[in-house]
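Trainee: I would like the atomic coordinates for the input below:
(one chain, ligands or ions: 2)
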Amino acid sequence: MDILVLKCGGSIMDRLSGDFFQSLKELIRNGIQPVIVHGGGPAINSMLALYNMPPKFKDGLRVTCERTMQIVETVLSGQTNRKLVGMLDKTGLKAIGLNGSDGKCLQAEYINRQELGYVGKVTSVRKETILVWLKEGFIPVITPVASGADGARLNVNADYAAAAIARELGADRCVFVTDVEGIIIEGSVVQETTPGEIETHISSGNIYGGMIPKVQSAMDLLSEGIGKVMIVSGKKAFYSKGKWNGTIIAAKEGIKK
Ligand SMILES: Nc1ncnc2c1ncn2[C@@H]1O[C@H](COP(=O)(O)OP(=O)(O)O)[C@@H](O)[C@H]1O
Ligand SMILES: CC(=O)N[C@@H](CCC(=O)OP(=O)(O)O)C(=O)O
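Mentor: Ligands and ions are numbered 1, 2, ... in the order given. Next up is the predicted model:
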């Protein structure tokens, strides 16, 4: 079974194009089984604003108090996940929404409870909860909320959640869908890059902000044997007529997309 883990970023969630869904259809026709993990940072920020709660981040992770955690779960699980499952359904694709804490699919530990509150790092993925749906021909759509050992819900960065899921499923490919066409350096989309080049671009400030958890996850996955990691845009086709569009990050040069 060829599995593709696709992370859909909050930056693009409301702007996913018809071509994006056509790409998914073509992949499925070619025997690839997608698993989707979604984000939703901007939607969480909008809901927090309604409660006059300014968003706070530390090293790219949301500082999450108990009240914020309730809002994170309400927005991600109750709105974003529903919306995405609805869009897939409308396109004629069978999808099933899962909260990461359903069936203890995602288990996590606190990263630093004092500094970040209810923020987790995935420690294990119960893959049966995902595989059971794949076998039935559904696309699992997973919200990055995990169960902590103490029963608390933990907020997990969606890029890292997608990487943990790709790793556990032994996915063939992990694709980060975002609002840019790939890694852009000096105004041009890079077609292919390697961990060595990425480290240089991070040091020079050419890769920054929300792109960092994606390339960090990519480098971790490559070192663990997931051979193909991509950054693609949700505004256009990321796969069409058997060809991939976007940046491929490969362990060494010359890996075909
Ligand atoms: N070198 C780069 N190439 C492209 N985008 C970059 C780069 N460095 C930083 N970024 C930023 O990363 C953003 C994508 O990350 P983010 O906003 O967190 O999206 P998502 O919600 O999809 O995870 C881009 O919109 C861009 O502003
Ligand atoms: C701990 C942490 O930061 N969690 C993220 C989860 C959502 C997410 O990752 O959404 P994007 O993919 O849109 O960034 C958050 O609360 O925003």
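Trainee: quick check: residues of this structure near ligand 1?
Mentor: 9-12, 39, 41, 178-180, 183-185, 206-211 (Cβ under 6 Å from any ligand atom). All C-beta atoms are positioned from the backbone trio N, CA, C, and that covers glycine.
Trainee: just the buried ones from those, in ChimeraX syntax?
Mentor: Per 16 or more other Cβ atoms under 10 Å, the buried members of the residues of the chain next to ligand 1 correspond to this ChimeraX selection:
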select :9,10,11,12,39,41,178,180,183,185,206,207,210,211
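Trainee: so which of the residues of the chain next to ligand 1 are in strands?
Mentor: Counting by DSSP state E, the residues of the chain next to ligand 1 place 178, 184-185 in strands.
Trainee: can I get these in JSON lines with pLDDT and distance to ligand 2?
Mentor: Formatted as JSON lines, these follow (pLDDT from 0 to 100; distance: Cβ to the nearest ligand atom, whole Å):
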{"residue": "Thr178", "pLDDT": "98", "distance to ligand 2": "8"}
{"residue": "Ile184", "pLDDT": "98", "distance to ligand 2": "18"}
{"residue": "Ile185", "pLDDT": "97", "distance to ligand 2": "22"}
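Trainee: what segments of this structure are helices?
Mentor: Secondary structure of the chain (DSSP state H): helices at 18-29, 41-50, 66-75, 81-90, 113-116, 128-135, 158-169, 195-203, 211-223.
Trainee: deepest in the core, which of those is it.
Mentor: Comparing the helices of the chain by mean neighbour count (mean count of other Cβ atoms under 10 Å), helix 158-169 ranks first with a mean of 25.
Trainee: which elements pack onto that one?
Mentor: For helix 158-169, the packing partners by 3 or more Cβ pairs under 8 Å, 6 or more residues apart in numbering; DSSP states H and E come out as strand 2-8, strand 32-38, strand 106-110, strand 120-125, helix 128-135, strand 173-178, helix 211-223.
Trainee: per-residue confidence averaged over that helix?
Mentor: Over the span of helix 158-169, the pLDDT mean works out to 97.
Trainee: contacting residues around Lys90?
Mentor: Contacts of Lys90 were listed using Cβ atoms under 8 Å, 6 or more residues apart in numbering, and none were found.
Trainee: I'd guessed Ile111 sits against Gly120; true?
Mentor: Yes. Using Cβ atoms under 8 Å, Ile111 is in contact with Gly120, at 6.6 Å.
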